[in-house]
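> compute the structure for the input listed below.
(2 chains)
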Protein chains: 2
Amino acid sequence: MHIPATMKALILKGDGYATTRTGAFVDTLEPFLDYGDMPVPKPGSGEVLVKMRMASVNPSDLFFIKGEYGQARVKGAAAGFEGVGDVVDGAGFYAKALHGRRVAFVGGVNGSGAWAQYVTVKAALCIPVKKAMRDQDAAGHVVNPITAWAMFEKVKDSGAKSFIVTAAFSQLGKLMMGLAKDEGIVGIGIIRKESQVAHLKALGARHVLVQSNPGFTRQLAALMKSDKPRFLIDSVANQLSADIFAMMPAHARWIIYGKMDDAAPTLTEPGQFIFMDKKIEGYWLAQWFKSASLIDKLRTIRAVQDRFISGAWKTEVVATVKLKDAMADLPAALKLGDGKVMIAM
Amino acid sequence: MHIPATMKALILKGDGYATTRTGAFVDTLEPFLDYGDMPVPKPGSGEVLVKMRMASVNPSDLFFIKGEYGQARVKGAAAGFEGVGDVVDGAGFYAKALHGRRVAFVGGVNGSGAWAQYVTVKAALCIPVKKAMRDQDAAGHVVNPITAWAMFEKVKDSGAKSFIVTAAFSQLGKLMMGLAKDEGIVGIGIIRKESQVAHLKALGARHVLVQSNPGFTRQLAALMKSDKPRFLIDSVANQLSADIFAMMPAHARWIIYGKMDDAAPTLTEPGQFIFMDKKIEGYWLAQWFKSASLIDKLRTIRAVQDRFISGAWKTEVVATVKLKDAMADLPAALKLGDGKVMIAM
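I've put the predicted structure just below:
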């Protein structure tokens, strides 16, 4: 296959970290990205070159391009963490074995990003995609679905009968509710809009509470009594999260996997760590990839792909934007809300 | 042995919990305790009657008598959690085996307290005391020394090379520094007074920082770089604790075992739970007694007693107050500071 010398990409304008924090949204991409030409990256030792089909847009991408994510930007590199494409080059035993395969990945940490026509990825991080899986499911099946699966396993393995998800209308929230229903575990979703209640229940949530409703605290207190949720799966980490955690029963674990609100939470009941054995911890997919066993990873990836192929999970895509139109169209697409936005190459 | 029908005790005036929170200090005991007569408690099934020799006064006792501890007060019951005495009665196999033995215990949760001439304790919670151990070491060797030992084991077992202790001039802080020195682990003590630095270093602390010093933050930042402390052993849980935790390196664990300051801490860097794998958890001796294996408990108790008998640990007693004088003398004795206060029967 002919590999050109240059390619189109969405290129980072900023370097390192920003000093401001404004959150996972964009009104315009101009301050952060350029659409332009750059050299096609060369795969290093143990890397493959992937010709991109489709990339997904996650909150982490938006934090990252703004310099507000836990990893430093490299000015002049392509943005984008996650996507799917075809392996067209690469040296080394495993890289060669992947030639011609469709793979999904989370990359973008070595200075080569997924919002481009080509990307280099460590061969060991490539996830071969089963033929029956659609590109739009494959493009975003690592960050959210594998996180959802792995965090749900944590809940299930602990023997908990119930858990709470904040910002539960996110893709991750929806995926976890489907798993919860199938496993007979009570999923409690906290959301912002009344209009989302029915859909989240249809996807498997047993209880859905709207955080702005006047009866919210009373309803939540009742569920704490009846269902004794032991996990708070949280991507917001603001005062509401801290207050929910303080209401939870003994042995509650607050798992922070995202920080969508910049407000710093105050722990009003630190004595609960002592007398109620409560815990706060984090979850980061990159850490899971480092620490989980190969068997666990393969088992999880297979389970996640099978769930999409069977239709038990479906990626709810609200917009697919072309790479060449992304500067103009992506901000508006992200405001459509309630579903994923994809970038097609 | 003749057991009288009534006894002297410091009797709780309040019931349940207080609605206010003022902390682990008392200017006067009048609002909380009466010195008076009450029936000698009868040991129930599996309990022993202990004729008290000496009780220790811990911050948890002060929180408790004020209704600010994690356990409800029983009005009319004797106060006091911890002490040493001789078993004089009790039915059941193990209770009978303890007759005549000197035992230490943490009790006071079944409505019978240690600040009295007699107390009933579950036989299973009695810790026989080796002959060579002095009463003043035995009277307080459960709450602080066993907590210090068990928390230090947590640090050691994790492979950490360094840890931080707040309020490090407490008995617990001193005990942990001795263990740290013996095991070649770097103990970093945070204290309030310059005058305590030399003594804490003599007891084994490698570094001692005075929190009010102008150079405190800079010194601490330097130690974070050079020693990479992984544990924050904390009995304060205020904003200073939270700020220290935020300065700590990846994988840091904040272990809260007390709450000496009522100010609620704000977590300024929740992203660290995700990207730096930080954790907050609690430690409560009662929980350890429930969850540790019998072997672990026996091994720990033996090690703690041997450490006192050998002189490696010594209880620094600043005052021993007679039970009959406690109402008048205890508040002033507690203000002598920098050591334990005991109540002798």
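
> can we go C-alpha only for contacts and neighbour counts from here?
Noted.

> check which helix or strand covers A:Gln219.
helix A:216-227 (DSSP states H and E).

> and the contacts of the biggest strand by length in chain A?
As assigned by DSSP state E, the longest strand anywhere in chain A is strand A:47-57. Identification of contacts with strand A:47-57 by CA atoms under 8 Å, 6 or more residues apart in numbering or on different chains yields A:41-43, A:80, A:82-92, A:95, A:114-124, A:135-136, A:139-140, A:340-345.

> picking that back up, buried stuff in the helix holding A:Gln219?
Buried positions in helix A:216-227, judged by neighbour count with 16 or more other CA atoms under 10 Å in any protein chain shown: A:217, A:220, A:223-224, A:227.

> likewise stretch A:120-134?
A:120-123, A:126-129, A:133.

> what would the residues you listed look like in JSON lines with distance to chain B and secondary structure?
Below are the buried residues of stretch A:120-134 laid out as JSON lines (distance: CA to the nearest CA, whole Å; DSSP: H, G, I helix; E, B strand; the rest coil):
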{"residue": "A:Thr120", "distance to chain B": "23", "secondary structure": "strand"}
{"residue": "A:Val121", "distance to chain B": "21", "secondary structure": "strand"}
{"residue": "A:Lys122", "distance to chain B": "21", "secondary structure": "strand"}
{"residue": "A:Ala123", "distance to chain B": "23", "secondary structure": "helix"}
{"residue": "A:Cys126", "distance to chain B": "22", "secondary structure": "coil"}
{"residue": "A:Ile127", "distance to chain B": "23", "secondary structure": "strand"}
{"residue": "A:Pro128", "distance to chain B": "27", "secondary structure": "strand"}
{"residue": "A:Val129", "distance to chain B": "28", "secondary structure": "coil"}
{"residue": "A:Met133", "distance to chain B": "30", "secondary structure": "coil"}
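
> how about low-confidence regions in the stretch 151-300 of chain A?
Counting by pLDDT under 70, the stretch 151-300 of chain A contains no low-confidence range.

> need the residues of it near chain B, please.
A:237, A:256-259, A:264-275, A:277-284 (CA under 8 Å from any CA of the partner chain).

> filter the residues you listed down to the ones in strands?
Those of these lying in strands (DSSP E): A:256, A:279-282.

> ok, and the most crowded of these?
A:Gly282 (25 neighbours; other CA atoms under 10 Å in any protein chain shown).

> burial measure for the residue lying closest to A:Thr120 once chain neighbours are set aside, as a count.
Leaving aside its chain neighbours, A:Thr120 sits nearest to A:Leu49 (4.5 Å; criterion: CA to CA, 6 or more residues apart in numbering or on different chains). As a burial measure, A:Leu49 scores 26 neighbours (other CA under 10 Å).

> from the stretch 51-200 of chain A, which residue is nearest to chain B?
Relative to chain B, the nearest point of the stretch 51-200 of chain A is A:Gly70 (6.2 Å; CA to the nearest CA).

> who's in contact with the residue nearest to that residue when sequence neighbours are not counted?
Spatial nearest neighbour of A:Gly70, chain neighbours left out: B:Phe275 (6.2 Å); criterion: CA to CA, 6+ apart. Residues counted as contacts of B:Phe275 (CA under 8 Å, 6+ apart) are A:70, A:282, A:284.

> 10 Å instead, please
Residues near B:Phe275 by CA atoms under 10 Å, 6 or more residues apart in numbering or on different chains: A:69-71, A:257-258, A:282-287, B:250-251.

> now A:Gln305
By CA under 10 Å, 6+ apart, the contact list for A:Gln305 reads A:129-130, A:132-133, A:137-138, A:141-142, A:145-146, A:311, A:313.

> is stretch A:77-88 anywhere near chain B?
No: remark: stretch A:77-88 sits outside contact range of chain B, by CA under 10 Å from any CA of the partner chain, the gap being at least 15.7 Å.

> quick one: terminal-to-terminal distance for that stretch?
Chord length of stretch A:77-88, first to last residue, is 20 Å (CA to CA, to the nearest Å).

> nearest residue to the closest residue to chain B within the stretch 101-250 of chain A in space, please, no chain neighbours.
Using CA to the nearest CA, the closest approach of the stretch 101-250 of chain A to chain B is made by A:Ala237 at 6.8 Å. For A:Ala237, ignoring the flanking residues on the chain, the nearest one in space by CA to CA, 6+ apart is A:Lys259 at 5.6 Å.

> I'd assumed A:Tyr283 was in contact with the one you found.
No: counting by CA atoms under 10 Å, A:Lys259 does not reach A:Tyr283; the two are 11.4 Å apart.

> quick check: neighbours shared by those two?
A:234-235, B:274.

> which ones among those are found in helices?
Among those, the members found in helices (DSSP state H) are B:Ile274.

> return the member of the shared contacts of A:Lys259 and A:Tyr283 nearest to B:Leu336.
Taking CA to CA as the measure, B:Leu336 lies nearest B:Ile274 of the shared contacts of A:Lys259 and A:Tyr283, at 44.0 Å.

> thinking again about what came up before, send me the helix holding A:Gln219 as PDB with only the CA atoms.
What follows is helix A:216-227, C-alpha atoms only, in PDB (Å, rounded to 0.1, in the frame of the first residue of the first chain):
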ATOM      1  CA  PHE A 216     -34.000  15.000  45.100                       C
ATOM      2  CA  THR A 217     -32.300  14.800  48.500                       C
ATOM      3  CA  ARG A 218     -35.400  13.100  50.000                       C
ATOM      4  CA  GLN A 219     -35.600  10.500  47.200                       C
ATOM      5  CA  LEU A 220     -31.900   9.800  47.400                       C
ATOM      6  CA  ALA A 221     -32.100   9.400  51.200                       C
ATOM      7  CA  ALA A 222     -34.900   6.900  50.700                       C
ATOM      8  CA  LEU A 223     -32.800   4.900  48.200                       C
ATOM      9  CA  MET A 224     -29.800   4.900  50.600                       C
ATOM     10  CA  LYS A 225     -32.100   3.100  53.100                       C
ATOM     11  CA  SER A 226     -33.800   0.700  50.800                       C
ATOM     12  CA  ASP A 227     -30.900  -0.200  48.400                       C
END
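
> list the contacts of that helix.
By CA under 10 Å, 6+ apart, helix A:216-227 touches A:160-164, A:186-188, A:190, A:207-211, A:213, A:228-230, A:243-244, A:247-249.

> how about the strands in the stretch 1-150 of chain A?
A:6-12, A:33-39, A:47-57, A:82-90, A:102-106, A:118-122, A:127-128 (DSSP state E, counting those that start in this stretch).

> now mean pLDDT too, for those strands, in CSV please.
Putting the strands of the stretch 1-150 of chain A into CSV (pLDDT from 0 to 100) gives the following:
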stretch, mean pLDDT
strand A:6-12, 97
strand A:33-39, 97
strand A:47-57, 96
strand A:82-90, 96
strand A:102-106, 94
strand A:118-122, 94
strand A:127-128, 93
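
> what's the closest of those to B:Ala168?
The nearest among the strands of the stretch 1-150 of chain A, by CA to CA, is strand A:102-106 at 44.7 Å.

> about what we covered before: quick one: the helix holding A:Gln219 to chain centroid distance?
28 Å (CA atoms, centre = their mean, to the nearest Å).

> buried ones in the one helix or strand A:Val304 maps to?
Using DSSP H and E, A:Val304 maps to helix A:294-309. Buried residues in helix A:294-309, counted by 16+ other CA under 10 Å: A:297, A:300-301, A:304-309.

> identify the farthest-apart pair in those residues.
A:Lys297 and A:Ile309 (18.3 Å).

> ok, back up a step: now do the same contact list for the residue of the stretch 51-200 of chain A closest to chain B.
With CA under 10 Å, 6+ apart, A:Gly70 has these contacts: A:17, A:60, A:63-64, B:271-272, B:274-276.
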